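A.B. asks: Here is my input; please provide its structure:
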Amino acid sequence: MKIRFAGLEDAEDLFRWRTDPATMKFSLSEEKIELGSHLKWFRESLANKKRVIMIAELDGEKAGMVRFDETDDKSSVISIAVSPEMRGKGIGTELLGLGCSTYLKNWKNKTILATIKKINVISIKLFTRCGFKTRSEDDEKIVMGLDDEKTRD
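C.D. replies: The predicted structure follows:
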């Protein structure tokens, strides 16, 4: 698997992945979006210095996306999506691990946070496998965090 920064050529794929019914079921925002508003958001996202979007490719095919949103000088929030065509092939762990290691090598933030719906058991297991630990939870969501090992005392 290879990972690269997203470009405008990825906009329609990301829209398709985002509007996939399975993705929407587990997304924190289940709001339907239109292509036009997605394209505007995507262009703004590519220009946003506090947002990093990476695309994973496997054997020349787009396999998934990892996005990091800087929240402050110490942490970022992660979002991940596997393309519908690649689901069930066991690539989630590699996608998440590669995305996090690339981000931690290149950006100042040393803590990555994920907010996951509790009904999304697969994602909770995935993030746990990749070293994320529970930080907090409520009836509907769990917040998990990954700290860069180099920043620990």
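
A.B. asks: So Lys89: helix, strand or coil?
C.D. replies: Following DSSP: H, G, I helix; E, B strand; the rest coil, the label given to Lys89 is coil.

A.B. asks: Against Lys118, how distant is it?
C.D. replies: Taken as C-beta to C-beta, to the nearest Å, the spacing of Lys89 relative to Lys118 amounts to 25 Å. All C-beta spots, glycine's among them, are computed from the backbone N, C-alpha and C.

A.B. asks: and if you look at Ala11?
C.D. replies: As for Ala11, its distance to Lys118 is 31 Å (criterion: C-beta to C-beta).

A.B. asks: more crowded one of those two?
C.D. replies: Ala11 (18 against 12; other C-beta atoms under 10 Å).

A.B. asks: tell me which element the more buried one is part of?
C.D. replies: Secondary structure here is read from DSSP states H and E; on that basis Ala11 sits in helix 11-18.

A.B. asks: Now find how far off-centre that helix is within its chain.
C.D. replies: Put simply, helix 11-18 sits 13 Å off its chain's centre (C-alpha atoms, centre = their mean, to the nearest Å).

A.B. asks: Please export the C-alpha coordinates of the helix or strand hosting Phe68 as PDB.
C.D. replies: Taking DSSP H and E as the definition, Phe68 sits inside strand 61-70. Extracted as PDB, the C-alpha positions of strand 61-70 are listed here (Å, rounded to 0.1, in the frame of the first residue of the first chain):
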ATOM      1  CA  GLU A  61      -6.400   1.300  -7.100                       C
ATOM      2  CA  LYS A  62      -7.700   4.000  -4.700                       C
ATOM      3  CA  ALA A  63      -8.300   2.000  -1.500                       C
ATOM      4  CA  GLY A  64      -9.200   4.600   1.100                       C
ATOM      5  CA  MET A  65      -8.800   8.000   2.700                       C
ATOM      6  CA  VAL A  66      -7.300   9.300   5.900                       C
ATOM      7  CA  ARG A  67      -8.000  12.900   7.000                       C
ATOM      8  CA  PHE A  68      -6.400  14.800   9.900                       C
ATOM      9  CA  ASP A  69      -7.800  18.100  11.300                       C
ATOM     10  CA  GLU A  70      -5.600  20.000  13.600                       C
END
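
A.B. asks: tell me the mean pLDDT over it?
C.D. replies: Per-residue pLDDT values over strand 61-70 give a mean of 95.

A.B. asks: what pairs with it, and is each one parallel or antiparallel?
C.D. replies: Using DSSP bridges, strand 61-70 pairs in its sheet with strand 51-58 (antiparallel), strand 75-82 (antiparallel).
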